[in-house]
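Okay, here's the prediction I keep looking at, along with the sequence it came from:
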Amino acid sequence: MKYKSLMAGALMALSYGAVAAPEQPQYVSDWWHQSVNVVGSTHTRFGPQFNNDVYLEYEAFAKKDWFDFYGYLDLTNFFGVGNSNANGIFDHGSPMFMEIEPRFSIDKLTNTDLSFGPFKEWYFANNYIYDMGRNSDNRQNTWYMGLGTDIDTHSPVNLSLNVYAKYQWENYGAANENSWDGYRFKVKYFVPISSLWGGKLSYIGFTNFDWGSDLRDKSDASRTSNSIASSHVLSLVYDHWHYSFVARYFHNGGQWADGQELNFGNGNFEVKSTGWGYYAVVGYNF
């Protein structure tokens, strides 16, 4: 079973940081911003057991006309460093994990100004997650779809909100597969801090609130109908290189109930799906 998921929030600092840079060096594209990252993670809690991993990542973001995009693709356990729960591309685990967040501006597509109060622009918002896995029992395929907006904070702080309904295809063999199953509220914000050591230092927050799932009702007390993953990112960005440290708080990560006792064939263990996980990122923008 695959236990890593939903890294987009933790790494979004890299995207915003690149936008905030005062100089614009030469890149492959002037609107499709991309990077290659090495990510180290420890104590991530998207499953009932801790996951530690070092992996390679491709990341991209763009905002052009009516199109707003963020996404990444991970080659899990690429460097062969991690615990026994982190099998990946070279050791019979998942060959690939990806997440994309395309949003399409309703204002621009309809040529209508829908702004009012603090709401600057409205979007048809999506969040699609795919874990390729080696077979259907080790695969995730999830589509969140709904409405998004950008908020005018009257400050340098960027704030966006999205609310989605979720359709769940494959989910590592869980009881909520192939059904509409719950909702997600996503909040993202970017706070520029200052210049530091020749780069730009920023703080980014990214939180997913999931609720309304039938997973607990369809399975047992080891699963939950809600979960929270809240990322807090400190990012230092240069023209091409960027560095980030991420602290991420999980509550019932992956909809696993904290404190339950499970046995997957290697002895009993206590689920620790609530608490902090950490990431360190080094990347190159090109």
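Here it is on my side, so go on.

was I right about residue 79 contacting residue 41?
No - judged on CB atoms under 8 Å, residue 79 makes no contact with residue 41 at a distance of 11.9 Å. To be clear about C-beta, it is placed using only N, CA and C from the backbone, and glycine gets the same treatment.

which residues are common contacts for the two?
Residues touching both residue 79 and residue 41 by CB atoms under 8 Å, 6 or more residues apart in numbering: 54-55.

Who has more neighbours out of the two?
residue 41 (23 against 14; other CB atoms under 10 Å).

so who does the more buried one touch?
4, 51-55, 277-279.

what number of residues lie near residue 80?
So residue 80, with other CB under 10 Å, has 11 neighbours.

what do you get for residue 235?
27.

ok, it to residue 163 distance?
Using CB to CB, to the nearest Å, residue 235 is found at 26 Å from residue 163.

can you check residue 236 too?
32 Å.

So for these two, which sits in the more crowded spot?
Between residue 236 and residue 163, counting by other CB under 10 Å, residue 236 is the more crowded of the two (19 against 16).

thinking that one is in contact with residue 280, fair?
No - using CB under 8 Å, residue 236 makes no contact with residue 280, being 11.9 Å away.

Could you list the low-confidence segments of the stretch 1-150 of the chain?
1-24, 82-89, 91-92 (pLDDT under 70).

in the stretch 151-286 of the chain, which spans are helices?
With DSSP state H, counting those that start in this stretch applied, the stretch 151-286 of the chain shows helices at 215-218, listed in chain order.

Run through the strands of it in chain order.
158-171, 179-196, 199-211, 227-237, 241-251, 261-263, 268-270, 275-285 (DSSP state E, counting those that start in this stretch).

for stretch 220-235, the distance to its chain's centre please.
The chain centre lies 11 Å from the centre of stretch 220-235; the measure is CA atoms, centre = their mean, to the nearest Å.

What of stretch 231-251?
Taking mean C-alpha positions (CA atoms, centre = their mean), stretch 231-251 and its chain are 12 Å apart.

what mean pLDDT does it have?
For stretch 231-251, the mean pLDDT works out to 97.

Tell me how many other residues crowd the residue nearest to residue 270 when sequence neighbours are not counted.
With sequence-adjacent residues excluded and distances taken as CB to CB, 6 or more residues apart in numbering, residue 270 is closest to residue 261, at 5.8 Å. By other CB under 10 Å, 10 other residues sit near residue 261.

Nothing else from me, thank you.
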